[in-house]
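Enquirer: prediction below, plus the sequence it came from.
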Amino acid sequence: MAQGPSRAIFRTPDERIRDLPAYPFAPRYVDVNGVRMHYVDEGRGDPVLMLHGEPTWSYLYRKMIPTIAAQHRAVAPDYVGFGRSDKWLDEARYTFASHYANLEAFVQALDLRRITVVVQDWGGPLGLRLATQHPDRMARLVILNTGIFSGRGAVSQGLQNWIDNSAAILDRLSPGDLVRRSMQSNQMTDDEVRAYDAPFPDRESKAGVRRFPRMIPLQPGDPGSREMEETREALRSWAKPSLVMFSDSDPIFTLEGARRFVDLIPGARGPIVIKGPGHFLQEERGEELAAHILEFMAST
């Protein structure tokens, strides 16, 4: 049943998020564009902004946040529709434009500057768009298992299969089950699976999860395609430090895509190949990724 400030919005009850494994972080909220966004904010110093994808939320970064926060400020928001953030019940509300507007408003509300932005999955299109639109706020890019799609090139077979079958898959599998099945190590516990599922107690609350796969531009002129073309062109002249790290066992975003980012962005480091993980490399190698990021920040 819908809860919260409007019948059009679901707000996950706080008790569903209590005592999650390895997620002791105090909840923080900011109002953006008429909805409430949740974020983790730990540590002090220049911010490391960690952006999640589909169907995850800031829980994905729980293994990285303590390491990052020991030296810098670790900020991990939940998009509207995900995690502890408000969730529109109408799938049509979820568009590239609305997600981007909320992320942009979030960064402006917190007045984040000298940002090292870490992007993965849908964090890539949103976060790289943010970086190229607000380069004055950015210090570095860290790019993990993602892509920029504008409908002008073929997507991987793995991504096409996901787009074609996502509706059926998401009716059959919960977010936590989907994360576990994508892993190569099979080390997720049942409690961790339930933690990924905690913000989504019913089908209504997963409207944003169901919508994301159908937002990928497959033809020129699809919503978001123009913004992605502009982002790709802006990255061709990106002048700030960039690091590309991809896992070697992701059927969605392959190492070929990693090399395309290195070729696209002047002076980009990498790709560093994280051996073993599947799509959600933060889940399988979070501590290793955090160490690479700290080394990168220290050297730039």
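Expert: Cool, the structure landed. Residues are numbered from 1 along each chain as shown.

Enquirer: ok, which stretches of the protein are helices?
Expert: Applying DSSP state H to the chain gives helices spanning 65-69, 96-110, 123-133, 157-172, 175-182, 190-197, 207-211, 225-235, 255-264, 281-299.

Enquirer: report the distance from the longest one to the chain centre.
Expert: Once both centres are worked out by Cα atoms, centre = their mean, to the nearest Å, helix 281-299 turns out to sit 16 Å from its chain's centre.

Enquirer: the second one now?
Expert: On the basis of Cα atoms, centre = their mean, the separation between the geometric centre of helix 96-110 and that of its chain is 13 Å.

Enquirer: quick one, what contacts the most centrally placed residue in the chain?
Expert: Nearest to the mean C-alpha position of the chain, counting by Cα atoms, centre = their mean, stands H52 at 1.8 Å. Neighbour list for H52: 58, 60-61, 76, 78-79, 82-83, 120-123 [criterion: Cβ atoms under 8 Å, 6 or more residues apart in numbering]. For glycine as for every other residue, the C-beta is placed from the backbone atoms N, C-alpha and C.

Enquirer: and D136, by the same measure?
Expert: Contacts of D136 (Cβ under 8 Å, 6+ apart): R113.

Enquirer: run through the stretch 1-150 of the chain and note the low-pLDDT ranges.
Expert: 1-6 (pLDDT under 70).

Enquirer: now do the strands in it.
Expert: Along the stretch 1-150 of the chain, the segments classed as strands by DSSP state E, counting those that start in this stretch run 9-10, 28-32, 35-42, 47-51, 73-77, 87-88, 115-120, 138-144.

Enquirer: follow-up on the earlier one: P13 is nearest to which of the helices of the chain?
Expert: Shortest separation from P13 across the helices of the chain is recorded for helix 190-197, at 13.8 Å, computed as Cβ to Cβ.

Enquirer: can you mark which positions in that closest one are buried?
Expert: Buried residues in helix 190-197, counted by 16 or more other Cβ atoms under 10 Å: 192-193, 195-197.

Enquirer: give me the residues contacting it.
Expert: Contacts for helix 190-197 (Cβ under 8 Å, 6+ apart): 20-21, 23, 55-57, 59, 174-177, 179-180.

Enquirer: and if you look at stretch 80-91?
Expert: Against stretch 80-91 from outside (Cβ under 8 Å, 6+ apart): 2, 4-5, 7-12, 17, 27, 29, 32, 35-38, 52, 55-59, 77-79, 94, 98-99, 102, 199, 204-205, 207-211.

Enquirer: list buried residues within the residues you listed.
Expert: The buried subset of these - by 16+ other Cβ under 10 Å - is 9-12, 17, 32, 35-38, 52, 55-59, 77-79, 94, 98-99, 102, 199, 205, 207-211.
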